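Asks: Sequence and predicted structure are below.
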Amino acid sequence: MEARLLCFGRVIGVWLDPHAKVPSRQSEETRPFYFEMENPMSDALAVMAKLRDLRVIDLSQTLEEHMPHFPTHSMFFHNLWSSYEHGGRSLHYLLVMHEHNGTHVDAPIHFLKNAPADAHVTIENVPLTQLMGRGAHVDCRRTKVGEFVSKAQILDWEREHGPIQAGDIVLFDFGWAVNWGLRPKNQRYVEDWPGVGMDAADYLLSKPVAAIGVDTLSPDPPEALRTRPIHPVVLEKHVLIIENLCNLDQLPDFFLFLAFPLKIRAGSGSPIRAVALV
């Protein structure tokens with residue numbers, strides 16, 4: 001039995017595929033690399049050793065009370081249930097939360113009132129592999145509130161950094177995570193933000209990518225949500241939407257992205273712990 005795990009990132013002494021299509025401007029340190037596994041069971045420890053050599057970047061906001069949340073969504077509550085101070089044998093809390101609190105992923109069913117029935121995929125039926133793969137970091141920090149990332153901007157980014165490919169997880173870095181704060185310092189984050197334009201979304205769907213992510217409440221700012229949001233267009237094509245990311249400024253152009261949702265029956269989405277390996 002043979003298996004290969006294809007990653008993009010820092011080469012750590014494993015075999016480089018001579019046939020990989022990599023833009024000439026990329027250095028050896030960002031070329032694709034493979035873990036060769038003749039026997040996945042016996043080689044699992046070797047793979048883990050190689051992965052541990054990579055840097056882990058946490059892309060998830062901390063779940064805590066008074067954090068920003070979408071106005072139509074409930075707040076996050078972390079209630080003490082039992083503690084040593086109150087005579088309990090252990091310490092534990094009750095979580096009361098919305099599926100779309102904090103860093104989370106939208107399942108296709110989340111925004112598909114008028115979509116065909118086969119598009120109504122709930123979170124427990126989303127393939128886990130759709131949140132495991134090559135990530136692409138698109139720096140959009142010059143995009144202002146009220147502006148949208150366009151297809152032309154993505155094409156410009158690809159000419160400089162390399163092509164976005166089918167199955168990629170594309171993360172848009174607006175630098176908006178700096179506005180994340182606990183009440184009463186949460187208003188700047190939730191009142192308005194930059195977004196992803198419809199032509200940019202259509203272009204990524206043509207690839208097609210596996211998911212798009214943003215460090216804002218949504219790829220659709222309030223005005224877009226009132227008029228023509230990309231949410232239903234993207235989700236109908238089974239492309240996932242990840243929201244409220246952070247630390248995107250620490251990412252290289254391409255990296256290994258991993259995130260896992262909770263297995264919520266009939267869920268419209270789920271909080272995730274998103275990480276990048278670089």
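Replies: Noted; the coordinates are in hand. For clarity, every value in this text was computed on a predicted model and none was experimentally measured. Numbering: from 1, shown residues only.
Asks: and the end-to-end length of stretch 253-271?
Replies: 25 Å (Cα to Cα, to the nearest Å).
Asks: before we move on, what SS does residue 225 have?
Replies: helix (DSSP: H, G, I helix; E, B strand; the rest coil).
Asks: distance of it from residue 71?
Replies: According to Cβ to Cβ, to the nearest Å, residue 225 stands 11 Å off from residue 71. (C-beta placed from N, C-alpha, C; glycine too.)
Asks: same question, residue 269
Replies: Residue 269 is 16 Å from residue 71, by Cβ to Cβ.
Asks: ok, now residue 99?
Replies: 16 Å.
Asks: quick one on the thing from earlier: more crowded one of residue 269 and residue 71?
Replies: Taking other Cβ atoms under 10 Å, residue 269 and residue 71 do not tie; residue 269 has more neighbours (27 against 9).
Asks: Which strand residues bridge that one?
Replies: In this entry, residue 269 is beta-bridged to residue 106, by DSSP bridges.
Asks: how about it, what does it touch?
Replies: Contacts for residue 269 (Cβ atoms under 8 Å, 6 or more residues apart in numbering) come out as 99-100, 104-107, 110, 123, 261.
Asks: let's go with 6 Å and repeat that
Replies: Contact partners of residue 269, counting by Cβ atoms under 6 Å, 6 or more residues apart in numbering, are 99-100, 104-107, 110, 123.
Asks: likewise residue 224?
Replies: residue 195.
Asks: buried stuff in stretch 154-163?
Replies: When burial is assessed from 16 or more other Cβ atoms under 10 Å, stretch 154-163 yields the following buried residues: 154, 157, 161-162.
Asks: Extract the C-alpha trace of the longest helix seen in the chain and format it as CSV.
Replies: Scanning the chain for the longest helix, with DSSP state H as the assignment, gives helix 40-52. Listed next in CSV are the C-alpha coordinates belonging to helix 40-52 (Å, rounded to 0.1, in the frame of the first residue of the first chain):
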residue,chain,number,x,y,z
PRO,A,40,1.0,4.2,6.4
MET,A,41,0.7,2.2,9.6
SER,A,42,4.4,1.8,10.2
ASP,A,43,5.3,5.2,8.8
ALA,A,44,2.8,7.2,10.7
LEU,A,45,5.3,8.2,13.4
ALA,A,46,7.7,9.4,10.7
VAL,A,47,5.0,11.6,9.2
MET,A,48,4.2,13.0,12.6
ALA,A,49,7.8,13.8,13.3
LYS,A,50,8.0,15.7,10.0
LEU,A,51,4.8,17.6,10.8
ARG,A,52,6.0,18.5,14.3
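Asks: now for the very next helix or strand once past it, which elements pack on it?
Replies: Next helix or strand after helix 40-52 toward the C-terminus (DSSP states H and E): strand 56-58. Judged by 3 or more Cβ pairs under 6 Å, 6 or more residues apart in numbering; DSSP states H and E, the packing partners of strand 56-58 are strand 275-277.
Asks: The strand it packs on packs against which elements?
Replies: If you count contacts as 3+ Cβ pairs under 6 Å, 6+ apart, strand 275-277 packs onto strand 56-58, strand 254-258.
Asks: Can you give the strand pairings for it, parallel or anti for each?
Replies: strand 56-58 (antiparallel), strand 254-258 (antiparallel).
Asks: Give me whichever of these is most buried.
Replies: Highest mean neighbour count among these (mean count of other Cβ atoms under 10 Å): strand 254-258, with a mean of 24.
Asks: just how off-centre is it within its chain?
Replies: With Cα atoms, centre = their mean, to the nearest Å as the basis, strand 254-258 stands 10 Å off its chain's centre.
Asks: Show the average pLDDT along it.
Replies: Strand 254-258 carries an average pLDDT of 97.
Asks: quick one, it and helix 40-52 angle?
Replies: 120 degrees (axes from the mean of the first three to the mean of the last three Cα atoms, to 10 degrees).
Asks: still on that earlier bit, go through the buried residues of stretch 154-163 and flag which are in helices.
Replies: 154, 157, 161.
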